[in-house]
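Colleague: how does the following fold in three dimensions:
(chains A and B)
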Amino acid sequence: MGSPRQRRGKRAVVVLYAAGQPGSLPLAHQSILAYARYRYLKIATAAVVVAIAAYAWDRPPNGRYGGTWLGYTLGTVGALLIFWLLYFGVRKRRYASNAGMVQGWLSAHCYLGTTLIVIVTLHAAFKFGWNVHTLAYVLMLVVIFSGFYGVYAYLRFPRVMTDNLGDDTLQMLLIRIADLDRQSRQLALSLPDSINRLVLASAQGTRIGGTWWRQLRGRDPHCPTTAASNGVQIIGRKLAGEQAKTNHQLYAQLLKKQELVARARRDVQLKSWLDVWLYIHVPLSIALLVTLIVHIVSVFFYW
Amino acid sequence: MRILVISVTRNRKGQPVRAERIVDGEMIRLGRGTQCEIHLPDPRVALFHAAIYRQGDSIFIHAPEAELAVDGGPEREARLTPRVHIALGPYEMTVEPPPPGCDLALAIELVRPLPDDLAAIRAKSRTSLEATVLSKRGPAWMLAIILGLVFLAAPAINALLPQLRQATAKLPVTPDQSWNPGELSAGHQAFGHQCGTCHETPFVHVRDHVCIDCHVKTPGHVQTVALQSKLFGGTRCANCHADHKGADALVRRDPDLCATCHSDLKRYQADTRLGNATDFAVNHPPFKLTLWQGPNRDDVARVSQTDKAKLVERSNLKFPHDLHLKTSVRGPKGRKTLECRSCHIPDASGKGFEPVSMNKACLDCHTLEFEPAVTTRQVPHGSVDNVMLTMQEFYANIALNNIPVDVVDIGEIRRGLPRLGNGVITEQQRQRALSWAKFKAQQVSADLFEARVCIVCHEVTKAVIQGESGKEIAWGVVPVHVASTWMPKARFDHVKHRTNKCADCHAVEKSHSSADIAMPAIVDCRACHAGNKPAPGKVVSTCIACHGFHLPNHPPFAARASVTTNVPAGATLAATRQLQ
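Modeller: You can find the predicted model right below:
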């Protein structure tokens, strides 16, 4: 059976394997939130309950604030948690490490990160102001809430992406689009110049994704492929005979391309939705780290 | 027209490979369309792009709707002579010298082939946010550096360089303002932007001398410096007075602080005479009154209200409240009903009362007439000497000026008065008159002090002394000690209690002696005042409602620094811990 650590590792691999094959095992639907039967939800809940109970029980003589014994305790716990959660960013890059599954770390990251809302608010004893201490608090909340979006995104978008792509991948879509372009160009060679220009523009001008804004938006309002399929249809009405037949084939191909382009763009869009929060979460985590250090240093600098 | 068309392609090494064919016709068409004699299968070429035709001896190329580039210049038409280069879409055509039998030789090469479709679409498409301008590392570094500089480096450098600190103190916002965790107390806000005023040394607690530099006269808590040092030697001012908690949050109001010691005072001071107190409602000793014992001004005793035998006021004043509070008291100006405020006039603050003054409160009824026949003249209240002098002056005036003193005088006053002749009086006559006046004053004073006036309110003493003209009686009045407060250890605000009647707390209506003390007992206060916890119909009253920590007339904490005491380290430490 191996060591307990190895056993955990094997089980987790099964989880991951099963996750790729829906319905094959009861473990298949286990998300990061449900990891290890909600182990970290239980730990987080216990931590929150203990913190609230301690806060309610404690009646410090100078009033509740960060500088009481409980305040220092909650602050220390909060700071250690933040350091540990930041370490996740380092940890998840070390795939060789076997200090626990990345999935487990992520589950803990989500739940224990959420407890900070309570622990740090109680540490601050609901006292806020225009200072670096509240700045650290606000940064922490932005990081946490961006993380909430991240959890939502991780739970929701992969499935939508699978629905969108089916058995394809983005690369396969691009290959098929390129193939359609080649065929379309070939068909258009014998068609009027106006159609040929549209087809050429569709092949040369169509782009998937683009700027971050276009990726998030998921569509191109000036898409040459859409313009081509519309144009080909309109211009094609004037054609007759062999050209009309060719044009009809071309139109069918352009429509197919349009559908592939839309799917590819949707895939890029979903991927950007899946990733965009990290551009807030990560830089603000670093900002939080710095502000947290400033907070701790300043408090003891002017003790 | 016979044209040799040479299709030029490139092999793997990039060397040209020429494939020749002959095209015949009156007009040779070039285009994408398959019907063209020279077929150029590229979408960038028009369906029918150009035509080659002969005109006279020359051969021309003409592009009716498309464009050509002839030797680099855009043209619609060109004459085809050897070495002419024509660009037609992605194709380049070069006119070569025609071989025998041909009118024209045209080498055609696709010089700009279409890029690979897949590579092209891949090159154009950015399919991940990583490939855009968005970055995680860049903003992270930027934020880290900006935040570190603004919120750590700038305040720290400012704090560590005194000269810089002085310079920045004049700015509306100092670099370390962002470190301020909360609003300062109202009194400290004036220098609040200069953190270094209190926070002298980095990473060291604010030290007491910083507080005492300004609050030098703030009294301590206990009466002796030695005991104060013993009990509070290890306690910092900031242990109780934590600032940055709002404008009015510097003073601790929690009863628990007091209870840390006052729950078991003997633990800290075995011979204390103070009772323990933790909660006014349930654990507070009976009130103690400060009663003057005499003879010196500071000879006072603290007497518990439960010690009834010792609850005696020694004011040396005779004042029965019961007589004065009767309705319709008879006075010299008619009948009058007195109220408390007739004599007890609130002071300017309203919290207490002005001292009851004979002149303001009593003189209306208790006139100080000395000569029954002359009701308009009174002796002054106060000094016995002044009283005697006033009377002597009165009688001397009568004697020397021969004044008719009163319409009702029936000769009593003047009995024994030597007769003076009209005009200039002799020295002998003057001496006689003065002697009479002095005698008369002595005579009346006995009545004044002993029988009729002074004795009514005061303890009067009498001594025989040797005067200028023989033995005289020297009258004396025992000094009066009317207490202004019986509970100096507590604060009491009469304004806050004005919804009550005086009699609710001070039962004086039946008091017939000034020895009685009409101060309310703790049970009376408890009727309205709850302790630390709320109670129905009562006011929550913690220790600080009546008591202060820094007690007037106690030595200041500043004094403790100069005192060395043999205090067990453990005791101080324990007290300090509890305070924290």
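
Colleague: rest of the way, CA atoms for contacts and neighbours
Modeller: Will do.

Colleague: show the pLDDT at A:Phe128.
Modeller: pLDDT, the model's per-residue confidence, is 89 for A:Phe128.

Colleague: A:Ala244 sits in which helix or strand?
Modeller: In this structure, A:Ala244 sits in helix A:241-275 according to DSSP states H and E.

Colleague: would you mark the buried spots in the next helix or strand after that helix?
Modeller: As assigned by DSSP H and E, the chain's next helix or strand after helix A:241-275 is helix A:278-301. Applying a neighbour-count criterion of 16 or more other Cα atoms under 10 Å in any protein chain shown, one finds A:278-295, A:297-299, A:301 buried in helix A:278-301.

Colleague: could you do stretch A:165-178 as well?
Modeller: Neighbour counts over stretch A:165-178 (16+ other Cα under 10 Å) mark A:165, A:170, A:173-178 as buried.

Colleague: again with stretch B:308-322
Modeller: B:311, B:313-321.

Colleague: can you check stretch A:139-159 too?
Modeller: A:139-151, A:153-154, A:157.

Colleague: what's around the closest residue to B:Asp176 other than its chain neighbours, how many residues?
Modeller: Nearest-residue entry for B:Asp176: B:Pro155, 4.4 Å, with adjacent residues in sequence omitted and distances by Cα to Cα, 6 or more residues apart in numbering or on different chains. For B:Pro155, the neighbour count with other Cα atoms under 10 Å in any protein chain shown is 19.

Colleague: for the nearest residue to B:Ala242 once chain neighbours are set aside, what are its contacts?
Modeller: Counting by Cα to Cα, 6+ apart, B:Leu250 is the residue found nearest to B:Ala242 once chain neighbours are left out, at 6.0 Å. B:Leu250 makes contact with B:185, B:241-243, according to Cα atoms under 8 Å, 6 or more residues apart in numbering or on different chains.

Colleague: can you flag the buried ones in those residues?
Modeller: By the neighbour-count criterion of 16+ other Cα under 10 Å, these include these buried positions: B:185, B:242-243.

Colleague: and the helices in chain A?
Modeller: A:4-19, A:35-57, A:69-91, A:102-124, A:132-165, A:170-188, A:193-205, A:212-217, A:224-236, A:241-275, A:278-301 (DSSP state H).

Colleague: so can I have a markdown table of the ones you listed showing mean pLDDT?
Modeller: Rendered in a markdown table, the data for the helices of chain A read as follows (pLDDT from 0 to 100):
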| stretch | mean pLDDT |
| --- | --- |
| helix A:4-19 | 42 |
| helix A:35-57 | 87 |
| helix A:69-91 | 88 |
| helix A:102-124 | 87 |
| helix A:132-165 | 91 |
| helix A:170-188 | 85 |
| helix A:193-205 | 87 |
| helix A:212-217 | 89 |
| helix A:224-236 | 89 |
| helix A:241-275 | 89 |
| helix A:278-301 | 92 |
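
Colleague: quick one on the thing from earlier: from the contacts of B:Leu250, which land in helices?
Modeller: Cross-referencing these against helices under DSSP H gives no overlap.

Colleague: tell me the confidence at residue 25?
Modeller: No chain in the question, so chain A it is. pLDDT, the model's per-residue confidence, is 39 for A:Leu25.

Colleague: please refer instead to chain B.
Modeller: At B:Gly25, the pLDDT value in this model is 88.

Colleague: B:Cys546: which of the buried residues of stretch B:308-322 is nearest?
Modeller: Using Cα to Cα, B:Leu311 is the member of the buried residues of stretch B:308-322 that sits closest to B:Cys546, with 22.2 Å.

Colleague: give the residue farthest from the middle of chain A.
Modeller: Note on chain A: the largest separation between a C-alpha and the mean C-alpha position, by Cα atoms, centre = their mean, falls on A:Gly241 (52.1 Å).

Colleague: so how far is A:Leu191 from that one?
Modeller: From A:Gly241 across to A:Leu191, the span is 11 Å (Cα to Cα, to the nearest Å).

Colleague: now A:Arg185
Modeller: Computed with Cα to Cα, the distance linking A:Arg185 and A:Leu191 is 10 Å.

Colleague: restricting to C-alpha, output stretch B:217-229 in PDB.
Modeller: C-alpha atoms of stretch B:217-229 as PDB (Å, rounded to 0.1, in the frame of the first residue of the first chain):
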ATOM      1  CA  LYS B 217       0.700  68.400  37.900                       C
ATOM      2  CA  THR B 218      -1.600  65.600  37.300                       C
ATOM      3  CA  PRO B 219      -2.100  64.100  40.700                       C
ATOM      4  CA  GLY B 220      -1.600  60.500  41.500                       C
ATOM      5  CA  HIS B 221      -3.900  57.900  43.000                       C
ATOM      6  CA  VAL B 222      -2.800  57.400  46.500                       C
ATOM      7  CA  GLN B 223      -1.700  59.700  49.200                       C
ATOM      8  CA  THR B 224       1.900  58.800  49.800                       C
ATOM      9  CA  VAL B 225       4.600  58.800  47.200                       C
ATOM     10  CA  ALA B 226       6.100  55.600  48.500                       C
ATOM     11  CA  LEU B 227       2.900  53.700  48.200                       C
ATOM     12  CA  GLN B 228       2.200  55.200  44.800                       C
ATOM     13  CA  SER B 229       5.600  53.900  43.600                       C
END
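
Colleague: just to revisit the earlier point, quick one: which of the buried residues of stretch A:165-178 is nearest B:Arg377?
Modeller: Within those, the smallest distance to B:Arg377 is 121.1 Å, found for A:Leu165 (Cα to Cα).

Colleague: for the stretch 201-350 of chain B, what lies in contact range of chain A?
Modeller: For the stretch 201-350 of chain B, the residues in contact with chain A under the definition Cα under 8 Å from any Cα of the partner chain are B:201-206, B:240-242, B:252, B:254, B:256-257.

Colleague: out of everything not next to it in sequence, what's closest to B:Cys343?
Modeller: Going by Cα to Cα, 6+ apart, B:Cys343 has B:Ala361 as its nearest residue, at 5.0 Å.

Colleague: residues in contact with A:Ser298?
Modeller: Neighbour list for A:Ser298: B:152, B:179 [criterion: Cα under 8 Å, 6+ apart].

Colleague: circling back to that earlier point, out of the buried residues of stretch A:165-178, which touch chain B?
Modeller: For chain B, the contacts drawn from those by Cα under 8 Å from any Cα are A:174-175, A:177-178.

Colleague: and which of those is nearest chain B?
Modeller: A:Ala178 (4.8 Å; Cα to the nearest Cα).

Colleague: surely that closest one is in contact with B:Pro115?
Modeller: No. In this structure, A:Ala178 is not within contact of B:Pro115 by Cα atoms under 8 Å, at 10.9 Å.

Colleague: distance of B:Tyr464 from B:Ser7?
Modeller: Just so we're on the same page, residue B:464 is Val rather than Tyr. In terms of Cα to Cα, B:Val464 sits 160 Å off from B:Ser7.

Colleague: meant to ask about B:Leu80
Modeller: Distance of B:Leu80 to B:Ser7, computed by Cα to Cα: 17 Å.

Colleague: neighbour count: those two, which is higher?
Modeller: When B:Leu80 is set against B:Ser7 and neighbours are counted by other Cα under 10 Å, the residue ahead is B:Leu80, at 23 against 17.

Colleague: wait, the more buried one touches B:Thr94, no?
Modeller: No. In this structure, B:Leu80 sits apart from B:Thr94 without contact. The criterion is Cα under 8 Å, and the distance is 9.1 Å.

Colleague: CSV for the buried residues of stretch A:165-178, including distance to B:Thr367?
Modeller: Rendered in CSV, the data for those read as follows (distance: Cα to Cα, whole Å):
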residue, distance to B:Thr367
A:Leu165, 115
A:Leu170, 116
A:Leu173, 120
A:Leu174, 121
A:Ile175, 124
A:Arg176, 125
A:Ile177, 123
A:Ala178, 125
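
Colleague: can you check my assumption that B:Ala78 lies in a strand?
Modeller: Yes. Checked against DSSP: H, G, I helix; E, B strand; the rest coil, B:Ala78 lies within a strand.

Colleague: picking up where we left off before, so where does the residue nearest to B:Asp176 fall, helix or strand?
Modeller: Using DSSP H and E, the secondary-structure element containing B:Pro155 is helix B:154-160.
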